[in-house]
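*Asks:* okay, here's the prediction I keep looking at, along with the sequence it came from:
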Amino acid sequence: MNRSWSNLQRLLGGSAEPVSVTFCDTPPVGTPRVGQAAPAGCAYWKLAAQGQTFYTAAADHLNCPIGAYTHGAELTPEANAQLNGLIEQMVGIQYLKMEEVSGIPHRVQPLRYAVYAPLSKTEGTPDVVLVRGNAKQLMLLAEAATASGLMSPTQAMGRPACSVVAATMESGKVTTSLGCVGNRVYTDLADDEFYAAVPGASVQRVVDALETMVEANAKLEEFHRGRCAC
């Protein structure tokens with residue numbers, strides 16, 4: 001994945017390093033387990049973007065019952081009670097409606113282990129690659145995905161941000177997520193940033209199309225600026 005990362009950084013410029021997520025049934029040989037369970041699964045995105053490669057077990061996701069649910073972790077009775085309580089709280093403050101809950105994307109396969117890594121250090125083909133960037137950067141990525149026939153027809157997703165992983169795996173398409181307030185706290189996502197989740201098997205295909213799209217946008221920008229003389 002080194003080639004994909006170097007080209008992404010060259011074409012998008014200045015973006016945070018993408019994070020790969022790979023689900024597996026056994027602990028990966030030679031990869032350390034995360035030092036301690038994070039308060040939310042999306043906090044692992046931040047660690048990987050900072051250069052760490054590690055794996056988590058299902059138990060490492062139980063501090064955030066919603067994230068555990070979207071990733072397919074088996075909930076303990078305590079975690080299940082926390083999930084129901086959190087949902088009731090969110091409904092109570094009108095953050096979401098109860099009828100929305102059943103539509104939240106989630107993995108149906110049980111979560112056993114998940115490997116998180118910066119894209120530049122990823123070996124093999126991950127399940128999902130999470131690209132974090134500003135509106136212009138992800139506009140270009142979305143245009144490249146569309147040109148490749150890989151853009152999801154689903155509108156940009158919102159809460160919870162972690163559900164974009166399951167949605168991308170299920171559809172096999174590039175999916176965008178505006179994030180959620182919890183994700184922004186745990187990952188330090190800036191106000192002008194959001195995510196594009198790319199199926200691991202399609203990363204290079206999207207990057208190849210991105211090369212053409214960046215060049216096309218440069219020419220179109222020159223054309224439009226010439227017309228408005230600004």
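*Replies:* That came through fine. Computed from a predicted model, the values in this text were never measured in an experiment.
*Asks:* leaving out the residues flanking it, which one is nearest to Thr187?
*Replies:* Lys46 (4.5 Å; CB to CB, 6 or more residues apart in numbering). Heads up, the C-betas are built off the backbone N, CA and C, glycines and all.
*Asks:* ok, the one you found to Tyr116 distance?
*Replies:* Distance, Lys46 to Tyr116, using CB to CB, to the nearest Å: 10 Å.
*Asks:* over to Ser177?
*Replies:* 17 Å.
*Asks:* next: Leu141.
*Replies:* 21 Å.
*Asks:* where do the helices sit along this protein?
*Replies:* For the chain, the helices defined by DSSP state H occupy 2-12, 43-49, 65-71, 77-92, 135-147, 163-171, 181-187, 203-228.
*Asks:* burial measure for the residue nearest to Thr187, as a count.
*Replies:* Lys46: 20 surrounding residues under other CB atoms under 10 Å.
*Asks:* ok, now Glu170?
*Replies:* 14.
*Asks:* count of residues packed around the nearest residue to it once chain neighbours are set aside?
*Replies:* Of all residues not flanking Glu170 in the chain, Pro105 sits nearest, at 6.5 Å (CB to CB, 6+ apart). Here the number of neighbours of Pro105 (other CB under 10 Å) works out to 19.
*Asks:* what does Val91 give?
*Replies:* Val91 has 15 nearby residues by other CB under 10 Å.
*Asks:* pretty sure it contacts Lys97?
*Replies:* Yes - Val91 is within contact range of Lys97, at 6.7 Å (criterion: CB atoms under 8 Å).
*Asks:* distance of the residue nearest in space to the middle of the chain from Pro18?
*Replies:* Centroid-nearest residue in the chain, with CA atoms, centre = their mean: Leu130, separated by 3.7 Å. Plainly put, Leu130 is 6 Å away from Pro18 if you go by CB to CB.
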